[in-house]
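J.: Sequence plus predicted model, see below.
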Amino acid sequence: MSFDRLTLFGLLAVSLMLFTYAMEDRSSWYVLGFAVACALGSVYGFLQGAWPFGLVEAIWSVVAVRRWCLVVKPPSHSPITAE
């Protein structure tokens, strides 16, 4: 069985998505890694000609970046003032 480079790229992207998704509870960096892996999956989908897959993966990538931003955002400490 032989794989072309595009198939290997897709296998790598989807494997990274699975791994980083499974590890998300351990570190916020895995959430960012999931976003990158989704972007790679999107590229694979468009290169393969499966544009619906590429589009959905691009959306997942944006959603994951937003989740990462919310996770790493420092909590706002508003001073409590007595009136």
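T.: On my side now, so go ahead. Residues are numbered from 1 along each chain as shown.
J.: going forward, measure contacts between C-alpha atoms and count neighbours the same way
T.: Will do.
J.: from what I can see residue 24 touches residue 35, true?
T.: No - the criterion here is Cα atoms under 8 Å, and residue 24 misses it with residue 35 at 11.0 Å.
J.: what about the two, which has more around it?
T.: residue 35 (27 against 16; other Cα atoms under 10 Å).
J.: show me what contacts the more buried one?
T.: 60-65 (Cα atoms under 8 Å, 6 or more residues apart in numbering).
J.: Just the buried subset of those, please.
T.: Taking 16 or more other Cα atoms under 10 Å as the criterion, what is buried in these is 60-61, 64-65.
J.: And the most centrally placed residue in the chain, which helix or strand is it part of?
T.: For the chain, the residue sitting closest to the mean C-alpha position, by Cα atoms, centre = their mean, is residue 35 at 1.6 Å. According to DSSP states H and E, residue 35 maps onto helix 28-48.
J.: Name the residues of that helix that come out as buried.
T.: Using 16+ other Cα under 10 Å as the test for burial, helix 28-48 gives 28-45.
J.: And the residue nearest to residue 56 when sequence neighbours are not counted, what's its pLDDT?
T.: Among residues not flanking residue 56 along the chain, residue 42 sits closest, at 7.4 Å (Cα to Cα, 6 or more residues apart in numbering). Residue 42 is assigned a predicted lDDT (pLDDT) of 97.
J.: quick one: residue 42 and residue 29, what's the gap?
T.: Using Cα to Cα, to the nearest Å, residue 42 is found at 20 Å from residue 29.
J.: ok now stretch 40-58, how far from the chain's centre?
T.: 13 Å (Cα atoms, centre = their mean, to the nearest Å).
J.: Can I get that stretch in PDB, CA atoms only?
T.: Output of stretch 40-58 as PDB, limited to C-alpha atoms (Å, rounded to 0.1, in the frame of the first residue of the first chain):
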ATOM      1  CA  LEU A  40      -4.200  22.000   8.300                       C
ATOM      2  CA  GLY A  41      -7.200  19.800   7.800                       C
ATOM      3  CA  SER A  42      -8.900  22.600   6.000                       C
ATOM      4  CA  VAL A  43      -6.000  23.000   3.700                       C
ATOM      5  CA  TYR A  44      -6.100  19.300   3.000                       C
ATOM      6  CA  GLY A  45      -9.800  19.400   2.300                       C
ATOM      7  CA  PHE A  46      -9.400  22.100  -0.300                       C
ATOM      8  CA  LEU A  47      -6.300  20.600  -1.900                       C
ATOM      9  CA  GLN A  48      -8.100  17.200  -2.200                       C
ATOM     10  CA  GLY A  49     -11.100  18.900  -3.800                       C
ATOM     11  CA  ALA A  50     -13.500  18.300  -0.900                       C
ATOM     12  CA  TRP A  51     -14.400  21.900  -0.300                       C
ATOM     13  CA  PRO A  52     -17.200  21.200   2.200                       C
ATOM     14  CA  PHE A  53     -14.700  19.400   4.400                       C
ATOM     15  CA  GLY A  54     -12.200  22.300   4.000                       C
ATOM     16  CA  LEU A  55     -14.900  24.900   4.800                       C
ATOM     17  CA  VAL A  56     -16.100  23.100   7.900                       C
ATOM     18  CA  GLU A  57     -12.500  22.600   9.200                       C
ATOM     19  CA  ALA A  58     -11.700  26.300   8.600                       C
END
